[in-house]
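Undergrad: What follows is a predicted protein model with its sequence.
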Amino acid sequence: MNISYRIYGLLLLAYPQEFRREFGDQMLQTFRDCYRAESSNRSLPGFWLRTLLDLVLTAVKERTDNSGREGIFMSNRRTDAMALVGCVGIIVIALLLLTYGRRNQVLSIIFFGYFLDALASTGIVGNIIFFVLIKTTRINPFRAALGTFGVVHALFLLLIVLVISRSDPGFNLGAVVVGYVGSFLFWTGLHWLWRSRNRSQTAAEG
């Protein structure tokens with residue numbers, strides 16, 4: 001509980017400072033109460049998924065609404081919204097495919113399960129961090145994506161090896177590594193394509 005509580009506290013940095021000052025304590029308390037309830041029902045994965053998706057959507061809304069006051073965001077909100085919707089859509093599709101494949105024993109989907117797992121989990125965390133970085137710093141977007149997703153994939157992979165590999169006799173390290181490498185290439189490639197598209201649009205408008 002303490003680790004989860006601290007992780008959620010760090011994730012709240014995605015919200016503007018004024019929002020955290022006003023609602024941060026209340027959100028932490030709500031998280032703590034819900035976490036205890038979900039833990040007793042053994043449904044923590046679903047709880048974390050709902051929590052992270054809600055955090056992404058609400059943090060983006062608060063940051064966008066706050067952009068005029070803080071002056072730290074890019075002016076093209078439509079581009080940002082399209083990128084966000086695209087990332088969330090990919091994550092949701094990956095989760096739906098994974099759930100459907102496992103529930104109905106679709107071998108072709110189960111085969112790509114390691115990739116879909118990595119795509120969804122690292123996509124949620126990585127894109128939150130990426131969004132905060134590019135909105136609060138002047139770092140190059142592609143370098144931010146490369147560094148962010150590199151670190152996130154490495155940490156998730158390390159956590160899986162240290163925790164799951166010891167408790168699951170059927171753990172397949174090779175398949176997990178391939179899945180995470182594929183996920184890393186997908187997310188960084190997607191951000192590179194988006195960055196190239198924005199550059200082309202800027203050049204055309206100029």
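TA: Alright, I've got the coordinates. Numbering: from 1, shown residues only.
Undergrad: max-length helix in this structure?
TA: Residue-count comparison of every helix in the chain, with assignments taken from DSSP state H, identifies helix 173-205 as the longest.
Undergrad: How about it, which residues are buried there?
TA: The neighbour-count criterion (16 or more other CB atoms under 10 Å) identifies 176, 179-180, 182-184, 186-188, 190-191, 194-195 as the buried residues of helix 173-205. The way it works is simple: take the backbone N, C-alpha and C, and place the C-beta from them, glycine included.
Undergrad: least trustworthy helix or strand in the chain by mean pLDDT?
TA: helix 67-70 (a mean of 50; mean pLDDT, DSSP states H and E).
Undergrad: Quick check: what element follows that one along the chain?
TA: With elements assigned by DSSP states H and E, the helix or strand that comes after helix 67-70 is helix 77-104.
Undergrad: list the buried ones in that following helix?
TA: Taking 16+ other CB under 10 Å as the criterion, helix 77-104 shows 80, 83-84, 87-88, 90-91, 94-95, 97-98, 101 as buried.
Undergrad: do the same with stretch 117-130
TA: Within stretch 117-130, the residues scored as buried using 16+ other CB under 10 Å are 117-130.
Undergrad: for stretch 159-168, same thing?
TA: The neighbour-count check on stretch 159-168 (16+ other CB under 10 Å) flags Ile160 as buried.
Undergrad: May I have that stretch as CSV, with CA atoms only?
TA: C-alpha atoms of stretch 159-168 as CSV (Å, rounded to 0.1, in the frame of the first residue of the first chain):
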residue,chain,number,x,y,z
LEU,A,159,9.9,-5.6,-12.3
ILE,A,160,8.4,-8.5,-14.2
VAL,A,161,11.6,-10.5,-14.1
LEU,A,162,12.1,-9.9,-10.4
VAL,A,163,8.5,-10.5,-9.3
ILE,A,164,6.6,-12.6,-11.8
SER,A,165,9.4,-14.9,-12.9
ARG,A,166,9.8,-16.2,-9.4
SER,A,167,6.1,-17.0,-8.9
ASP,A,168,5.1,-18.3,-12.4
